[in-house]
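In: show me the folded form of this:
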Amino acid sequence: MTKHGKLKIIPLGGLGEVGKNMTAYEFDHKIIIVDAGIMFPENDMLGIDYIIPDYEYVRARANQVIGILITHGHEDHIGAIHHVLNDIKAPVYATALTRGLIEVKLTRNGFSGNALLHTIEAGQTIELGPFKIEFYHISHSIPDAVGLGITTPAGLVVHMSDFKFDLTPVDGWPTDYAKLAEFAQRGVDLLLSDSTNAERPGWTPSEMVIGPAFDKVFADAEGRVLIATFASLISRIQQVADAAAKHGRKMALAGPSMIDNVKIARKLGYLNIADELLVPIDQALNMQGHKLVIMCTGSQGEPTSIMGRLSTGTNRQFDLKPGDTIVLSSHPIPGNEETISKTINRLIRRGATVIYDGVLPIHVSGHASQEELKFLINLVKPKHFLPIHGELRQLTRHAVLAEQVGIPKENILVVENGQTVELVGGKVRLG
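Out: Numbering: from 1, shown residues only. Below is the predicted model:
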């Protein structure tokens, strides 16, 4: 096709940092936004709960925004959605689970904008002004994640978002490799790809490796098992439920976000947990410890989370008991290492057995490592490459990988938030 016009790509969050992912695409004064996430505060940001992107560029052009596309339901992709919708009244497109998690978030923030939400499915195509958007399934650590093929008069862009090439995903739904190959056949002008693990060699292990580790934890634990993870890590919640059923334990949920997310995921069929397996937390606290697992938040050691408060003895609803085993099922978010270490030390000091990633493989990353990143570039065969989602060192490392697999250096751009990239005349340049 003859390419004409200019596509502007404006990263508003997630480039030069891990978190608050948000990107704007602009063509002929029409704008679509991809994701609206938050970032957790660093150690020196006392009193701050979370950080949202600086989206002044799109707020000032709110009447030009014709759609907000959400790739999946993790906080670093949906956490700022209620802030954005306060300023920009545009339709939101997301898969069923992602939409459900957004609805929970909007309701919790007193927002009545659910009329703006539209459900899409992987494999579906929608047209918004000059943008044709094709949604395709990708494997990540949450079900129902999608990447985007964005066709404009200026060319075809593939926006990969967070992904891993898990060949044995927990939900049995691998990445749509055929769609990525089809994009390659058409000719991809620009690929945007997740850089979170660009420094990590090899392939990211499958989520399946976690099952045996949970088996060992449940078999060895003499008392209660308390598992902390992100409330949006739906796949992990399913794995804990499966282990609980196998080892004859009941499962309780602690914390409003965990309860709300499990409720919506079960209702939509993304969590398969029998009614008889779940017990209310009040009932659970009176049960014998060896018959119980409690799922809660606080895997990052956040001071106000349940796990953070348990470590300091300030949790109101329940406290630690002798014989408790605590599992922190997540990797530290960059910058959180010190907070998590202090939380682990406090929990041990209070008598708990603490299992974390250095002890047993109770967490695997949801992000592609170097070999997967190179495989993606070989599969999609883009003319130009833009690494996204990562600190500058990760973006730079990803650029080196792209060059290694044949993308010319002059066709690779490393940018940070606020630097505009333009696709014009089949070429990519800084705006």
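
In: residues near Pro41, how many?
Out: By other C-beta atoms under 10 Å, 17 other residues sit near Pro41. In short, each C-beta sits where N, CA and C put it, glycine included.

In: so it is in which element?
Out: Under the criterion of DSSP states H and E, Pro41 resides outside all helices and strands.

In: once you drop chain neighbours, what's closest to it?
Out: Ile48 (4.2 Å; C-beta to C-beta, 6 or more residues apart in numbering).

In: from Glu42, how far out is that neighbour?
Out: Distance of Ile48 to Glu42, computed by C-beta to C-beta, to the nearest Å: 9 Å.

In: more crowded one of these two?
Out: More crowded of Ile48 and Glu42, by other C-beta under 10 Å: Glu42, with 14 against 10.

In: on the pLDDT front, check that one for me.
Out: In this model, Glu42 is scored at 71, pLDDT.

In: do the same with the one 10 residues further on
Out: Reading off the per-residue confidence, Ile52 sits at a pLDDT of 95.

In: shaky segments in the stretch 101-250 of the chain?
Out: Counting by pLDDT under 70, the stretch 101-250 of the chain has low-confidence residues at 112-113.

In: so which bits of whatever helix or strand Gln394 lives in are buried?
Out: Using DSSP H and E, Gln394 sits in helix 392-404. Neighbour-count burial for helix 392-404 flags Gln394, Leu395, Arg397, His398, Ala399, Leu401, Ala402 (criterion: 16 or more other C-beta atoms under 10 Å).

In: go on, stretch 38-56?
Out: Going by neighbour count (16+ other C-beta under 10 Å), the buried part of stretch 38-56 is Ile38, Met39, Phe40, Pro41, Tyr50, Ile51, Ile52, Pro53, Tyr55.

In: ok, stretch 337-355 next?
Out: So for stretch 337-355, counting by 16+ other C-beta under 10 Å, buried means Thr339, Ile340, Thr343, Ile344, Arg346, Leu347, Arg350, Ala352, Thr353, Val354, Ile355.

In: residue nearest the centroid of the protein?
Out: Nearest to the mean C-alpha position of the chain, by C-alpha atoms, centre = their mean, lies His74 at 3.7 Å.

In: closest to Glu416 out of the buried residues of stretch 38-56?
Out: Glu416 lies nearest to Pro53 out of the buried residues of stretch 38-56, by C-beta to C-beta, at 12.5 Å.

In: my guess is that closest one meets Ile81, correct?
Out: No. In this structure, Pro53 is not within contact of Ile81 by C-beta atoms under 8 Å, at 11.1 Å.

In: overlap of the contact sets of the two?
Out: Common contacts of Pro53 and Ile81, defined by C-beta atoms under 8 Å, 6 or more residues apart in numbering, comprise Ala36.

In: before we move on, back to that, and the buried residues of stretch 337-355, which two are the farthest apart?
Out: Thr339 and Thr353 (20.3 Å).
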